[in-house]
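Undergrad: need a structure here:
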Amino acid sequence: MADLPDVDTLLAAAVRSLGGTRREGQAAMAEAVSTAIDTGEHLVVQAGTGTGKSLAYLVPALRHAMAEDTTVVVTTATLALQRQLIERDLPRLSAALAPLLHREPSFAILKGRRNYLCRHRLHGAESPDDETELFDPRQLSSVGRQVKRLHEWAEETVTGDRDELAPGVSDLAWRQVSVSANECVGAAVCPFGQECFSEQARADAGGADVVVTNHAMLAISAMQGYQLLPEHRVLVIDEAHELVDRVTSVATGELGERVVTTAAKRAARLLEADLTERLSESGDGLALLFGEAEAGRLDHLPDSLAGAVAAVRDAAHACLSAIRTGSPEQDPDYATQRKQALAALEEIHDTAVRILQSFEPPLRERTDVVWLAKGPKQSPTLQVAPLAVGGLLREKLFGDRTTVLTSATLALGGTFAPLAAQWGLGRESTGAAPAAEA
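TA: Down below sits the predicted model:
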């Protein structure tokens with residue numbers, strides 16, 4: 001490593017600068033994190049209230065990033081902790097350590113593309129969200145006013161970050177001016193690619209010493225193959241007790257009449273009516289069968305429901321094939337419609353395939369669980385999720401990097417073993433730091 005002060009010296013300087021006093025638990029945790037980074041061993045740390053765990057992992061993380069000219073990624077489960085790190089902890093820590101590290105460390109926050117305003121969508125690249133047809137006219141009037149305010153805000157915002165908009169707007173309004181990662185046509189095609197808020201956030205993150213993001217972003221990047229995060233060899237997962245739930249949520253697929261209808265409407269902008277009408281009818285078939293079925297887990301898929309899911313799969317596949325074999329145009333608006341349609345069709349096709357395949361193995365050998373969710377205020381949907389995500393985490397998340405997992409509540413019954421098993425980590429690959437507990 002470069003000639004930099006050791007972690008204990010840096011931590012002491014940071015504590016003095018912030019007007020605090022030395023805490024033995026904090027010092028022990030910082031040393032454990034530093035050792036894990038040096039040895040490449042995963043580390044689990046329970047750090048209760050009063051430990052000062054943010055400083056305990058940020059100090060060794062910053063030292064490593066600057067010594068190796070690399071990026072360390074920190075993920076959290078909650079927006080509150082992200083804000084604490086970005087708005088309080090990292091600014092104060094960077095200023096305190098700058099004299100010892102020869103320059104002020106840099107940091108950035110990175111969120112999913114849907115969290116940033118999309119200039120292309122804002123300027124009328126697409127028709128309004130298909131879901132708006134499902135809402136009460138009075139609600140849509142409110143959405144219209146909110147969208148008008150978003151247009152005004154777009155003229156003054158520097159980041160386009162939804163969380164900086166105060167007061168906020170409804171999810172339905174925000175969807176009118178944003179796109180998800182799989183709907184985006186990409187900066188190379190988009191006429192606003194050079195002014196894209198999301199691309200700018202990614203560029204800022206790419207040059208930062210520490211990047212703060214959330215568990216869902218981490219899961220999407222690792223498991224869906226998107227290169228959303230900068231290259232990194234050290235990962236810190238704070239609020240680690242929430243990791244399994246957040247990853248499971250990302251890995252859950254959903255199939256229902258609404259998503260099928262939305263996909264059909266998007267495909268109808270590009271295809272002959274007979275193909276998209278077949279897809280719409282398959283969505284109607286799902287809705288009829290959902291109305292007759294009871295909510296809850298399905299260990300067996302009735303033939304009628306299996307046939308309805310297969311009809312969605314086949315109709316979506318036909319639409320996908322027709323769009324993919326068509327002649328792609330270079331017009332940005334057409335490219336946007338094509339990308340949006342493909343994203344919606346792929347989602348329902350892949351979910352239908354996954355649902356059907358989940359029932360093929362014997363019950364005890366299945367890796368996914370399927371259930372029908374329905375309620376007074378919820379459109380009925382078939383949902384499919386992994387029974388456990390430990391294998392996915394071990395392969396996709398922990399395999400090629402050093403990971404530090406920390407929280408105030410990790411040791412269940414005095415041991416890390418239950419959560420380590422959920423994460424897919426055995427004791428042979430995980431260090432523990434009991435001295436860091438407080």
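
Undergrad: and residue 291, how many residues sit next to it?
TA: By the criterion of other C-beta atoms under 10 Å, residue 291 has 9 neighbours. C-betas here are computed from N, CA, C, even on glycine.

Undergrad: List the contacts of the closest residue to it other than its chain neighbours.
TA: With C-beta to C-beta, 6 or more residues apart in numbering as the criterion, residue 291 has its nearest non-adjacent residue at 7.2 Å, and that residue is residue 380. Neighbouring residues of residue 380 by C-beta atoms under 8 Å, 6 or more residues apart in numbering: 256-257, 287, 290-291, 293, 295, 372-374.

Undergrad: Which of the residues you listed fall in helices?
TA: 257, 287, 290-291 (DSSP state H).

Undergrad: Just the buried ones among these, please.
TA: Burial by neighbour count, judged by 16 or more other C-beta atoms under 10 Å, picks out 257, 287, 290 from those.

Undergrad: tell me the pLDDT at the last one?
TA: Model confidence at residue 290, given as pLDDT, is 91.

Undergrad: Please report the distance of it from residue 304.
TA: In this view, residue 290 and residue 304 are 11 Å apart by C-beta to C-beta, to the nearest Å.

Undergrad: Next: the first one.
TA: Going from residue 257 to residue 304 by C-beta to C-beta gives 16 Å.

Undergrad: which other helices and strands contact the helix or strand residue 351 falls within?
TA: Element membership of residue 351, judged by DSSP states H and E, is helix 332-358. Packing partners of helix 332-358 (3 or more C-beta pairs under 8 Å, 6 or more residues apart in numbering; DSSP states H and E): strand 253-256, helix 257-268, helix 303-325, strand 368-375, strand 378-386.

Undergrad: Would you mind giving the ones you listed as a markdown table with mean pLDDT and distance to residue 283 added?
TA: Below are the helices and strands packed on helix 332-358 laid out as a markdown table (pLDDT from 0 to 100; distance: least, C-beta to C-beta, whole Å):
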| stretch | mean pLDDT | distance to residue 283 |
| --- | --- | --- |
| strand 253-256 | 95 | 8 |
| helix 257-268 | 94 | 3 |
| helix 303-325 | 95 | 7 |
| strand 368-375 | 92 | 15 |
| strand 378-386 | 91 | 11 |
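
Undergrad: leaving aside the residues next to it on the chain, what's closest to residue 280?
TA: Going by C-beta to C-beta, 6+ apart, residue 280 has residue 264 as its nearest residue, at 4.4 Å.

Undergrad: what sits against the one you found?
TA: 276-277, 279-280, 283, 319.

Undergrad: Could you identify the most distant pair in those residues?
TA: Taking C-beta to C-beta, the two most distant members of those are 283 and 319; they sit 12.3 Å apart.

Undergrad: With neighbour numbers in mind, choose between those two.
TA: The residue with more neighbours, out of residue 283 and residue 319, is residue 319; 28 against 23, by other C-beta under 10 Å.

Undergrad: Out of the helices and strands packed on helix 332-358, flag the one nearest residue 96.
TA: Comparing the helices and strands packed on helix 332-358 by C-beta to C-beta, strand 378-386 comes nearest, at 42.7 Å.

Undergrad: Next secondary structure after the closest one?
TA: helix 390-392.

Undergrad: what is the mean pLDDT for that next one?
TA: On average, helix 390-392 scores 83.

Undergrad: How far away from the center of its chain is that helix?
TA: Chain-centre distance of helix 390-392: 17 Å, with C-alpha atoms, centre = their mean, to the nearest Å.
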